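J.: Model the structure of this input:
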Amino acid sequence: MAILNDHGHIVGVNRAWRDFAEYNGYTGDNYGIGTSYLDVCDAATRRRSKEAPIVAQGIRDIIGGQLDEFEMEYPCHSPVERRWFVVRVSRFDWYNDVRLIVAHQNVTELKQVQIELESSSRRLQAILDNINNGIITIDSDGNIESANRAALRIFGYVDHELDGLHLSDLLEEPFEGQSTFKRLNGEYGHEITGVRKDGSTFPLYFALNQLRLDDGTLYTCIIQDITYRKRMEVALIEQERVTIALEKERELRNLKNRFLSMMSHELRTPLASIRLSYDMLKKYGKIATPEERDQALDNIHTQVELLSDMVADVMTLSRSESEGLNIDPDEVDLITYGRDVVEEFHFNYHRTHDIVFECEATRIQAIIDRKLLRRAFTNLLSNAIKYSPHGGRVAFTMVLDGDTVVIEISDSGIGIPEEDQPRLFEPFHRAGNAESLNLPGTGLGLSITRQIVEMHGGEIRYCSIVNEGTTFTIRLPLRPPALKLK
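T.: Numbering: from 1, shown residues only. The predicted structure follows:
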């Protein structure tokens, strides 16, 4: 801080002023005392400083009585670091004389945090704006607080036109306060009728989830325009009455519906989590601790990886059905190979599950595709752990039977209901008890696993009892005819 008289001359400075002057190479003895601060600003103006003339005018206005206080943020970068300061000028009377306090505060750390938060907010907004599903947030009274680009497009609005509107402006059904929230709330969502800006209506998939924040309750809505899907359903129903390919079309429709239902269910949780982290950073980023900001960013990273894995499973299944998976055969020791896979799972889940590898043989040489077979083993071990939510023993056993190796992966988990077992390897199908326990999954793992096993000339079977456990048995030829080394 520096004290100026009513002519703008420096009459006193504090220790921080002197320390900063010395840090920046000032060699004088008086640290500017007696110098006209206005002359210093004018000299900086001649050096093409954009901020100096503004500060000088602010000081003159305060001396002249036009202003009581003046404040401005400005950059003050050195050759070795980027710095930002805030200058504040205020006036006070000192024994009938006018005095001014000029205070410069180093806000570099705060500015850097602000820049990082703004960058993170832009990245998060870019992610949300590139999601095909509409996402809006509303308060407990039904007022819309925010909406992403997809929501604007679905309802025919632009820019921030949705901000400040009410939920009743977007839905055909009347809004009845908490009773509406209670009816629409739920993880599976609802099909209702939406209203666009021009008044036209359309079928809408609407999933509402309640979030409790420190300052109140917030509702996140995931929105899909299902007009195309509805039209397709009508077209397929009509086609079923007039075509001899009735059964095939019905199977395709059911497969598509299971896929949409699975993706709608599995995407909602990570998207809502991403939205929650984004809202936290946007609303509380400036006052949040670094740990809280890192936690929010780490959560976004984890959810994005989860979405990427889901897309990878879908692409793997699609590629295998359309053009087949590429095989890269190699001769390996299955005992070492299998033990490595089991040890990875033991490292990650040893606190909750007893994961063991058992094999009496010392060496089993076989020709396999390392990457694909690892995917099959990983799918089965992941299921064994996931569907044993209370822990327990997961065993991976390997037995040599002539020119065939028999591999068993067993658990003591929830088991598979009998009614679901005939469709166990169908894509997108999930057992009813897994759905009721809200255990995550896409229903693709076992379908992909069976394809991999069959590509190796093997077969996979299972035995399961509800609430007692499940065992998958894989029989693989050591040298399948279809796999030849390069």
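
J.: contacts, neighbours, all on C-alpha from now
T.: OK.

J.: how long is stretch 147-158 end to end?
T.: End-to-end distance of stretch 147-158 (Cα to Cα, to the nearest Å): 10 Å.

J.: In it, which residues are buried?
T.: 147-152, 154-157 (16 or more other Cα atoms under 10 Å).

J.: Next: stretch 38-56.
T.: So for stretch 38-56, counting by 16+ other Cα under 10 Å, buried means 38, 41-42, 45, 52-53, 55-56.

J.: Confidence-wise, which of those comes last?
T.: The member of these with the lowest pLDDT is residue 45, at 80.

J.: Specify the local secondary structure of that residue.
T.: Secondary structure, DSSP: H, G, I helix; E, B strand; the rest coil: residue 45 is helix.

J.: so what's it up against?
T.: 51-53 (Cα atoms under 8 Å, 6 or more residues apart in numbering).

J.: ok, of those residues, which one's closest to residue 242?
T.: Nearest to residue 242 among the contacts of residue 45 is residue 51, at 77.6 Å by Cα to Cα.

J.: any residues touching stretch 382-390, and which ones?
T.: Stretch 382-390 has contacts (Cα under 8 Å, 6+ apart) with 352-353, 391, 394, 409-415, 434, 439, 470.

J.: Among these, which ones are in strands?
T.: 353, 394, 409-410, 470 (DSSP state E).

J.: what's the closest of those residues to residue 452?
T.: Closest to residue 452 out of the ones in strands among the contacts of stretch 382-390 is residue 409 (15.9 Å), distances taken as Cα to Cα.

J.: roughly how far apart are the closest one and residue 355?
T.: Going from residue 409 to residue 355 by Cα to Cα gives 10 Å.

J.: Give the residues shared as contacts by those two.
T.: By Cα under 8 Å, 6+ apart, the residues touching both residue 409 and residue 355 are 394-396.

J.: who wins for most neighbours among those?
T.: residue 394 (25 neighbours; other Cα atoms under 10 Å).

J.: which residues touch that one?
T.: With Cα under 8 Å, 6+ apart, residue 394 has these contacts: 353-356, 381, 384-385, 409-412.

J.: export these to JSON lines and tack on distance to residue 373 and pLDDT?
T.: Shown next, in JSON lines, are the contacts of residue 394 (distance: Cα to Cα, whole Å; pLDDT from 0 to 100):
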{"residue": "353", "distance to residue 373": "23", "pLDDT": "93"}
{"residue": "354", "distance to residue 373": "23", "pLDDT": "93"}
{"residue": "355", "distance to residue 373": "19", "pLDDT": "93"}
{"residue": "356", "distance to residue 373": "19", "pLDDT": "95"}
{"residue": "381", "distance to residue 373": "12", "pLDDT": "92"}
{"residue": "384", "distance to residue 373": "17", "pLDDT": "92"}
{"residue": "385", "distance to residue 373": "19", "pLDDT": "90"}
{"residue": "409", "distance to residue 373": "14", "pLDDT": "95"}
{"residue": "410", "distance to residue 373": "17", "pLDDT": "95"}
{"residue": "411", "distance to residue 373": "20", "pLDDT": "94"}
{"residue": "412", "distance to residue 373": "23", "pLDDT": "91"}
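
J.: List only those of those residues flagged as buried.
T.: Here, 16+ other Cα under 10 Å leaves 353, 355-356, 381, 384-385, 409-412 buried among the contacts of residue 394.

J.: Is it possible to get a markdown table of those residues that adds distance to residue 84?
T.: Formatted as a markdown table, the buried ones among the contacts of residue 394 follow (distance: Cα to Cα, whole Å):
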| residue | distance to residue 84 |
| --- | --- |
| 353 | 53 |
| 355 | 56 |
| 356 | 58 |
| 381 | 54 |
| 384 | 56 |
| 385 | 53 |
| 409 | 61 |
| 410 | 62 |
| 411 | 60 |
| 412 | 61 |
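
J.: Check these against residue 138 and report the nearest one.
T.: residue 385 (37.7 Å).

J.: Mind telling me what element that closest one is part of?
T.: Residue 385 belongs to helix 370-386 when assigned by DSSP states H and E.

J.: With residue 20 instead?
T.: Assigned by DSSP H and E, residue 20 falls in helix 15-23.
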